[in-house]
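Q: when you get a sec, could you give me coordinates for this:
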Amino acid sequence: MAMVQHEFAQAVRAGARFPVELPLIGGGGGFCIDAAGHVLTNYHLVAGEIERLGRQGGVLGVEQPCLGVRAEVTRLGADGRWARAPADRVWLVSNPPASRAVHDLGKGRGELREDWALLRVEPPPPAALTLAPRSPVVGESVWMAGFPLRSARPAATRAALGYDDADGSLRISHGQVTAVGDDDSFVSDLDGSMGSSGSPVFDALGGVIGVFSR
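A: Purely as a prediction, here's the structure:
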């Protein structure tokens, strides 16, 4: 229910009669890391496929077709506008064990740890990002780029800050690394919105040093 509470509230306000089909206006992102079309994203975004394929024990380098994941490739047109085109096929390539990806904290809550998964998309995106061969340090500046669908901020807060609600267009967030774990994870004060999961986090040189998860 947590993933569709926004859509459920909209249906209630519209006077929908239940049962009703609720289109999920959500999801997340990912980013291409090579010319072959390998895309890095979050484990929790493809957890359903991982379970369907019986890969909860962790699988590396074995491609299996995704049946329940719809992907779109974002391209910058000659007119300077971003446009999305559906991917023809999506493959799940690698994922960590579920025991390392999510640590159950009880009462249905989980703490995400190794929240990553590697996909391959056909046709491949037109460009790839470079992974930085280092770990972040506390206090350094970081940036996040993504296409969130809506903001997690209440309307009154957005109005006070002059912050327009996310609408699926490109958003850039700037922040700092506030803590670094001993497992290559780190915490930052980046402003993540609904749909920012799987977005790349950059250092000052433009290298990707993390994948956003919340």
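
Q: where's Arg100, which helix or strand?
A: helix 98-101 (DSSP states H and E).

Q: check contacts around Val20.
A: Ala11 (CB atoms under 8 Å, 6 or more residues apart in numbering). Every C-beta, even on glycine, is put in place using the N, C-alpha and C of the backbone.

Q: host element of it?
A: With DSSP H and E as the test, Val20 turns up in no helix or strand.

Q: quick one: it from Val90, how far?
A: Noted for Val20: a distance of 28 Å to Val90, by CB to CB, to the nearest Å.

Q: next: Gly80.
A: Counting by CB to CB - Gly80 and Val90 are separated by 28 Å.

Q: these two - which one has more neighbours?
A: Val90 (21 against 6; other CB atoms under 10 Å).

Q: if you tally nearby residues, what's the number for the residue nearest to Asp184 when sequence neighbours are not counted?
A: When the adjacent residues along the chain are set aside, Asp184 lies closest to Ser135, with 5.8 Å between them (CB to CB, 6 or more residues apart in numbering). When neighbours are defined as other CB under 10 Å, Ser135 has 13 of them.

Q: let me see the contact set for Ser135.
A: By CB under 8 Å, 6+ apart, the neighbours of Ser135 are Val180, Asp184, Phe186, Ile209.

Q: from Asp115, how far out is the second one?
A: Right, Asp184. For Asp184 relative to Asp115 (CB to CB), the value is 12 Å.

Q: equivalent analysis for Ser188, please.
A: 14 Å.

Q: show me what contacts Gly77?
A: Gly77 neighbours (CB under 8 Å, 6+ apart): Ala83.

Q: if I look at it, what pLDDT would I see?
A: Note on Gly77: pLDDT of 84.

Q: and if you look at the one 4 residues further on?
A: pLDDT, the model's per-residue confidence, is 84 for Arg81.

Q: kindly report the same for Ala2.
A: Ala2 is given a pLDDT of 47.

Q: and the nearest residue to Pro65 once chain neighbours are set aside, how many neighbours?
A: Spatially, and ignoring its direct neighbours in sequence, Pro65 is nearest to Trp91 (5.8 Å; CB to CB, 6+ apart). When neighbours are defined as other CB under 10 Å, Trp91 has 18 of them.

Q: run through the bridge partners of Trp91.
A: Pro65, Arg120 (DSSP bridges).

Q: isn't it up against Val62?
A: No: with contact defined as CB atoms under 8 Å, Trp91 does not count as touching Val62 (9.7 Å).

Q: sorry, back to before: more neighbours: Asp184 and Asp115, which one.
A: Between Asp184 and Asp115, counted using other CB under 10 Å, Asp115 has the larger neighbour count: 24 against 11.

Q: what's the separation between the closest residue to Tyr43 other than its chain neighbours and Leu118?
A: Among residues not flanking Tyr43 along the chain, Ala101 sits closest, at 4.3 Å (CB to CB, 6+ apart). As judged by CB to CB, Ala101 and Leu118 stand 13 Å apart.
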